[in-house]
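Q: Pasting a predicted model and its sequence here:
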Amino acid sequence: MNTFTARPGVGGPFPTVLFYMDAFGLREELYEMVRRLASAGYFVVAPNLYYRRTPHFATDSSPEGMARLFDMMGHLTNAGVTRDTGAVLDWLPSQADAIATRVGAVGYCMSGPFVIAAAAAFADSLACIAAIHGAKLVTDEADSPHRLASKLRCEVYVGCATNDKWAAPEVIAQLEDGLRQSGAPHQVEWYEGTQHGFVFPLRTGIYDAIAAERHWSRLHALFARHLLA
């Protein structure tokens with residue numbers, strides 16, 4: 001499984017953040033986000049979740065390109081990404097720049113469910129997680145995120161766009177009910193007037209600079225509480 005990693009230029013070792021990609025895959029836009037997060041004092045690992053099919057994925061917004069994207073996204077499962085997460089956690093102790101015992105995670109879009117599944121499976125390893133404009137947060141499956149949420153023990157932050165067909169208010173309400181059942185500290189925050197994908201700088205017509213900066217402040221505060229203390 002190929003990954004992109006970043007760390008501060010000096011010092012270390014650093015607490016670890018797992019960065020789960022959106023459906024458009026690893027690309028320079030995400031690499032810049034990984035670098036920005038790393039600059040705050042973290043060893044950041046962004047695995048290519050499509051590695052079973054291709055080491056590098058690129059597409060466009062044409063009908064053909066979007067069909068390929070949905071095909072790639074469709075072969076991923078919570079169970080599969082959880083296994084991949086376990087592989088990353090097993091690998092971390094071999095990395096001199098990483099503190100393998102202080103780990104947080106963030107998942108974007110399609111990876112909202114994956115970060116929740118990982119935290120449920122590795123409750124002793126993940127100290128905090130964030131899901132940003134997640135999709136498929138409520139399904140009919142046994143491992144639906146709204147069901148797994150009741151098993152979480154770490155602090156959870158959920159950032160939601162108010163105009164998001166992939167995560168309507170009634171969906172988020174079910175997820176939040178599961179979080180309440182867990183007893184774990186959590187926050188669900190709505191970003192007024194935003195659309196799905198608002199954090200990505202190159203998402204023309206969707207990117208919201210003010211909301212994106214607020215999401216960064218929330219991530220930095222979450223990770224600082226649990227990983228830098």
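A: That came in fine, so what should we check first? Numbers count the residues shown, from 1 in each chain.

Q: ok, which stretches of this structure are helices?
A: Taking DSSP state H as the criterion, the chain carries its helices at 28-38, 63-74, 78-91, 112-121, 145-148, 169-182, 209-223.

Q: CA atoms of the lowest-mean-pLDDT helix or strand in the chain as CSV?
A: One helix or strand of the chain scores below all others by mean pLDDT, DSSP states H and E: helix 63-74, with a mean of 95. C-alpha atoms of helix 63-74 as CSV (Å, rounded to 0.1, in the frame of the first residue of the first chain):
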residue,chain,number,x,y,z
PRO,A,63,-19.4,11.6,-17.1
GLU,A,64,-16.8,9.0,-17.9
GLY,A,65,-14.4,10.2,-15.3
MET,A,66,-17.1,10.3,-12.6
ALA,A,67,-18.2,6.8,-13.6
ARG,A,68,-14.6,5.6,-13.0
LEU,A,69,-14.5,7.4,-9.7
PHE,A,70,-17.7,5.7,-8.4
ASP,A,71,-16.4,2.4,-9.6
MET,A,72,-13.2,2.9,-7.6
MET,A,73,-15.0,4.1,-4.6
GLY,A,74,-17.4,1.2,-4.7
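
Q: contacts for it?
A: Under the contact criterion CB atoms under 8 Å, 6 or more residues apart in numbering, helix 63-74 has outside partners A23, F24, G25, Y50, R53, F57, T59, M110. Any C-beta I mention is one placed from the backbone N, CA and C, and that applies to glycine too.

Q: Buried residues, that helix. List them.
A: Taking 16 or more other CB atoms under 10 Å as the basis for neighbour counts, the residues of helix 63-74 that come out buried are L69, M72, M73.

Q: No further queries at this time; thank you.
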